[in-house]
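Student: sequence first, then the predicted structure, then my questions.
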Amino acid sequence: QLDDHMLYKTIDEEYGLEEMCNNLVKDMNEYGVCVLDNFLGRQKGIEVLDEVKNMYSAGYFKDGQLVASKDKTNNRNIRGDKIAWVDGKEKGVSNIRFLMNQVDAVITLANRMVNNGKLGHYKIRERTKAMVACYEGKGSHYVKHVDNPNRDGRCITCIYYLNVDWDVSESGGLLRIFPDGWSDRVADIEPIFDRITFFWSDRRNPHEVQPAHRTRYAITLWYFDANERELAVRRYQRDCESLRKAA
Ligand SMILES: O=C(O)CCC(=O)Nc1cc2ccccc2cn1
Ligand SMILES: [Mn+2]
């Protein structure tokens, strides 16, 4: 019999894609943040989670950066997230590839929409590889930061969460965004299974991951604005050129 979760719209129904894109455009233009639940549907989500767990046990993840621990006593440094980059063509990542294609479909359609302007004023043509991240519990966290503080071309951060039955009250791991538009409020986003979060990558959205006390998996994609990216690449090439001359 159909479990209730099977009743949720999944993206492959045309209606689902259209409706998701409308939500995305509206929320991004209004808040700069958008959260969509049941993005892939339970079965597909579990298949992605299994692939990530296999990658993890196969040792694909590099040690996360060391974050100085608060208690200086036993100067136990807490590791932040451990990450692995996936471009989707590797062996054994077909479900992660499926996720990447689904997000591409939503972003591409949303960027083409005419109603209340495109997605911001961006022209989105490419993205990064998928950054698969794992927080190993034991208080690992990510300090407050901006993803793209210096116009490197990234305009949208997109994070897909894989944590089944996650309870923030006991496991922490909250994503807290401090949208600059609202000085008094924050956006607290629980990293729950099959949830996808989008937000502008620049200084409008400083964010942090609060200490996690259970293994916490997430897959991040960053989408580039074509113009900002082109300028950033040119700047980078000029910098390399002047460094070469100075050497
Ligand atoms: O997992 C979440 O809820 C978000 C975590 C997060 O912000 N991760 C992250 C990870 C990063 C890794 C390298 C460089 C920049 C980075 C910026 N942000
Ligand atoms: Mn970040």
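Tutor: Thanks, I have it. Ligands and ions are numbered 1, 2, ... in the order given.
Student: ramachandran coordinates for whichever residue of the chain sits closest to ligand 1?
Tutor: Relative to ligand 1, the nearest point of the chain is residue 175 (3.5 Å; Cβ to the nearest ligand atom). To be clear about C-beta, it is placed using only N, CA and C from the backbone, and glycine gets the same treatment. Note on residue 175: backbone dihedrals following degrees, to the nearest 10 are phi -90, psi 120.
Student: what does the one 4 residues further on give?
Tutor: Torsion angles at residue 179 (phi, psi; degrees, to the nearest 10) stand at phi -60, psi 130.
Student: contacting residues around it?
Tutor: Residue 179 makes contact with 31, 32, 33, 185, 186, 187, 204, 205 under the criterion Cβ atoms under 8 Å, 6 or more residues apart in numbering.
Student: dump the residues you listed into CSV; add pLDDT and distance to residue 160 as well.
Tutor: As requested, the contacts of residue 179 are exported to CSV (pLDDT from 0 to 100; distance: Cβ to Cβ, whole Å):
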residue, pLDDT, distance to residue 160
31, 91, 19
32, 93, 19
33, 95, 15
185, 87, 24
186, 93, 21
187, 94, 17
204, 96, 21
205, 97, 17
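Student: and those residues, which are buried?
Tutor: Buried subset of the contacts of residue 179 (neighbour count, 16 or more other Cβ atoms under 10 Å): 31, 32, 33, 187, 204, 205.
Student: for the record, mean pLDDT for stretch 53-64?
Tutor: Mean pLDDT, stretch 53-64: 90.
Student: and that stretch, C-alpha only, in CSV?
Tutor: Only the C-alpha atoms of stretch 53-64 are listed here, as CSV (Å, rounded to 0.1, in the frame of the first residue of the first chain):
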residue,chain,number,x,y,z
LYS,A,53,27.9,6.1,3.1
ASN,A,54,29.8,3.8,0.7
MET,A,55,32.1,6.6,-0.3
TYR,A,56,32.7,7.4,3.3
SER,A,57,33.6,3.8,4.3
ALA,A,58,35.8,3.6,1.2
GLY,A,59,37.8,6.5,2.5
TYR,A,60,37.0,9.1,-0.2
PHE,A,61,36.6,11.9,2.4
LYS,A,62,39.6,14.1,3.2
ASP,A,63,40.0,15.3,6.8
GLY,A,64,38.0,18.5,7.5
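Student: please consider this matter closed, and thank you.
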